[in-house]
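*Asks:* Quick check, what structure comes out for this input:
(one chain, ligands or ions: 2)
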Amino acid sequence: MKIIGFCNLKGGVGKTTMCQNLASALASLGRRIAVLDLDPQSNLTSGWGITVEEGEPYVYDFLVGESSLSDLAIKREGVDVIPSSLDLAVAELQLEREPGRDSLLRSSLENVPKDEYDYIFCDSPPQLGLFTRNVLAAADEIMVPLESEFYSLAGVRLLDSTVKLFQKRLNKGLEVGGVVLTRHNPKVVINRDVQREVFAYYGDVLYRRFVRQNISIVEASGAGMSVLSYDRNCNGARDYRLLAEEFEERQESHGEKKTQSA
Ligand SMILES: Nc1ncnc2c1ncn2[C@@H]1O[C@H](COP(=O)(O)OP(=O)(O)O)[C@@H](O)[C@H]1O
Ligand SMILES: [Mg+2]
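*Replies:* Ligands and ions are numbered 1, 2, ... in the order given. Take a look at the predicted model:
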């Protein structure tokens, strides 16, 4: 079981979109996946057409150890979705005062049987608040979606120094598993320049595959489903299927490297 965080301290870069569509693509390849919506904005939850009614349990109950993933899971496209709620914003204020507040997710995930899932995906909010810190403390690796714009590079450097801080303090094993360009257009000069700069900084951590700008991706989440279910032949669906293949390839070769060095 591998825990993967979707992180970027900037909003609107495609974290939630990638979390949903990559999960759906991997589930269709037979992987067992749970996705946790750790953003009070609940975009991942609504992107799957789910609303949590008042008083119903949601991801908070998992964080505080009162519900298991299987108690909370809502099945969508073969994926176990653990929903969020706007109430999580209020819960954040209260949890901020608790000791060990940055390790809530880590502790709860330690109780999940290791063979229950292949991957647990954690979507995080855009700022370095409580829930992003929880994801960074719990994840084996993070996936970083990035827009091919110049200001994105500053964000990458900030995230990188944050990751280093977490490696020192709370999570020695944390790795940047991949950086993926979203809304990338190889015909646009500035997009290619950014791709080159990110590659110079991260090398092979940058995925070869990228996601193109595609309106069906936006429409799909409005319709409460992944782009793969919405229109399996559109560019967005194609890009996410290819991304899932590269993801799997990298997971396999990473696993082999780890066994060799062990
Ligand atoms: N490849 C894409 N093409 C077009 N729109 C996209 C693409 N990826 C994401 N979007 C849209 O961009 C917006 C922000 O994406 P989102 O995943 O919510 O970002 P974040 O979670 O980082 O804030 C959403 O409206 C989403 O539908
Ligand atoms: Mg989001």
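*Asks:* Strands along the stretch 1-150 of the chain, start to end?
*Replies:* Taking DSSP state E, counting those that start in this stretch as the test, the strands found in the stretch 1-150 of the chain are 2-6, 33-37, 74-76, 79-82, 119-123, 141-147.
*Asks:* Give me the sheet partners of the shortest one and which way each runs.
*Replies:* Right, the one you point to is strand 74-76. strand 79-82 (antiparallel) (DSSP bridges).
*Asks:* Equivalent analysis for the first one, please.
*Replies:* According to DSSP bridges, the neighbouring strands of strand 2-6, each with its direction, are strand 119-123 (parallel), strand 141-147 (parallel).
*Asks:* what's the average pLDDT for the longest one?
*Replies:* Spelled out, it's strand 141-147. Averaged over strand 141-147, pLDDT sits at 95.
*Asks:* Could you export the strands of the stretch 1-150 of the chain as JSON lines, including distance to G222 and mean neighbour count?
*Replies:* The way it works is simple: take the backbone N, C-alpha and C, and place the C-beta from them, glycine included. Conversion of the strands of the stretch 1-150 of the chain to JSON lines gives the following (distance: least, Cβ to Cβ, whole Å; neighbours: other Cβ atoms under 10 Å):
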{"stretch": "strand 2-6", "distance to G222": "20", "mean neighbour count": "24"}
{"stretch": "strand 33-37", "distance to G222": "17", "mean neighbour count": "28"}
{"stretch": "strand 74-76", "distance to G222": "15", "mean neighbour count": "15"}
{"stretch": "strand 79-82", "distance to G222": "17", "mean neighbour count": "25"}
{"stretch": "strand 119-123", "distance to G222": "17", "mean neighbour count": "27"}
{"stretch": "strand 141-147", "distance to G222": "19", "mean neighbour count": "24"}
